[in-house]
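Novice: sequence unknown, structure follows:
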């Protein structure tokens, strides 16, 4: 996203000498996407950013998946995953719910500080369902509160420090970059007038976070031959990664709160793309927020039945009351998975009940993928086993 920022101290000209007060040079690091051909930032380190003194294997949590076969819509109850959270952190204790070769969806409830962490596979979009946290990054500090999307670019060293009663996090990990939809951006990267949010709604670090230290361990998730092509390493750096005195550019982590999303509505029911907030390779992220609903005199406010012939649809229900799912057992903390090849829509009783409604008080985060999703260990553990039969009211034995 081409929205330039400068934080802390940087030299007047890039790739030129920039000296510390003691006369020594700062070390310039270019962090850029697509091999010098896309967005980037320049970071100025007190220490050498490539100086490591050790590297060991990090045994990742279970990332194996099983196919959704036979084809079945599913209801997954995420709030059943964590009953004891006092020892959990937001990096090592994520549990994989759904995944494919493009994106992985995990869930965690964490109270402990995480280790320093870097995802070298792709960008992360972490939705804060509940609670709050301080997210320390090599670019500075982000304050993540309930309703925030935290966008962390690939290979950004960071850690999560939960506040108070901890943080409930819905983690969307890409094998690509995550950005605002292209149709909302000018050819130079500025948000256009019809976009449901803009640059004023994005919040990044206000100043550098400079920390001294040596022999600092960073957990790195990177490409390899593990499940999903992902492995982990524990890399020990000679100096602290958070030694950046300044940076500038268009690539950096930021937060965006769902309450700042301005919903697009119409006289008749609007299709899901109007709710889109981000996109990655072969997937999109949408949010359904409290809003005025369809105002044609004969409108049907809940969605019509539809077949996702090209995608799987994952809806995470995180606030309010979702009208189309009444009578299905879905509640806060639920995920519904409606796979491609299956026509889905509202529960029959919800259609009549919605007529005449002027407003929906619902909050949900949706991920649509263009390759089939498989079930992770967490998804299998909290599948209610009965959701698929709720439209018919019975199951053949």
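Specialist: Yes, it's here. As the structure is a computational prediction, the values presented were derived from the model and not from experiment. Numbering: from 1, shown residues only.
Novice: How far away from the center of its chain is stretch 172-184?
Specialist: Computed by Cα atoms, centre = their mean, to the nearest Å, the separation of stretch 172-184 from the middle of its chain amounts to 10 Å.
Novice: and if you look at stretch 97-109?
Specialist: Remark: stretch 97-109 is offset 10 Å from the chain centroid, using Cα atoms, centre = their mean.
Novice: and the end-to-end length of it?
Specialist: Start-to-end span of stretch 97-109 (Cα to Cα, to the nearest Å) is 14 Å.
Novice: Next, the buried residues of that stretch.
Specialist: 97-100, 102-109 (16 or more other Cβ atoms under 10 Å). C-beta: built from backbone N, CA, C; applies to glycine.
Novice: can you list contacts of stretch 9-16?
Specialist: For stretch 9-16, contacts defined as Cβ atoms under 8 Å, 6 or more residues apart in numbering pick out 17-18, 28, 42, 44, 208, 245-248.
Novice: Most neighbours out of the residues you listed, which is it?
Specialist: Ranked by neighbour count (other Cβ atoms under 10 Å), the contacts of stretch 9-16 have residue 247 at the top, with 26 neighbours.
Novice: what number of residues lie near residue 144?
Specialist: Residue 144: 26 surrounding residues under other Cβ under 10 Å.
Novice: packing partners for the lengthiest helix in the chain?
Specialist: In the chain, taking DSSP state H as the definition, the longest helix is helix 348-354. Judged by 3 or more Cβ pairs under 8 Å, 6 or more residues apart in numbering; DSSP states H and E, helix 348-354 is in contact with no other helix or strand.
Novice: pLDDT weak spots in the protein?
Specialist: For the chain, the stretches with pLDDT under 70 are 1-2, 85, 323-327, 397.
Novice: So it: which segments form each domain?
Specialist: 51-67+80-243+250-258, 262-385 (the TED database).
Novice: Tell me which of those domains sits nearest to residue 7.
Specialist: domain 51-67+80-243+250-258 (6.0 Å; Cβ to Cβ).
Novice: so how far is that closest one off the chain centroid?
Specialist: Chain-centre distance of domain 51-67+80-243+250-258: 8 Å, with Cα atoms, centre = their mean.
Novice: Burial check on residue 220, number of neighbours?
Specialist: Neighbour count for residue 220, taken as other Cβ under 10 Å: 20.
Novice: what are the bridge partners for it, then?
Specialist: residue 118, residue 233 (DSSP bridges).
Novice: what residues are up against it?
Specialist: The neighbourhood of residue 220, defined by Cβ under 8 Å, 6+ apart, consists of 58, 117-118, 120, 232-235.
Novice: Would you check that residue 319 makes contact with residue 334?
Specialist: No: applying Cβ atoms under 8 Å as the test, residue 319 and residue 334 come out as separate, 11.8 Å apart.
Novice: and those two? which has more neighbours close in?
Specialist: The residue with more neighbours, out of residue 319 and residue 334, is residue 334; 23 against 19, by other Cβ under 10 Å.
Novice: distance of that one from residue 189?
Specialist: Distance from residue 334 to residue 189, counting by Cβ to Cβ, to the nearest Å: 36 Å.
Novice: Repeat that for residue 203.
Specialist: Distance check for residue 203 against residue 189: by Cβ to Cβ, it reads 18 Å.
Novice: ok, longest strand in the protein?
Specialist: If you go by DSSP state E, the chain has its longest strand at strand 158-174.
Novice: helices and strands around that strand, which ones?
Specialist: For strand 158-174, the elements it packs on are strand 103-110, strand 116-119, strand 124-137, judged by 3+ Cβ pairs under 8 Å, 6+ apart.
Novice: how about a cut-off of 6 Å?
Specialist: Strand 158-174 sits against strand 103-110, strand 124-137, with contacts defined as 3 or more Cβ pairs under 6 Å, 6 or more residues apart in numbering; DSSP states H and E.
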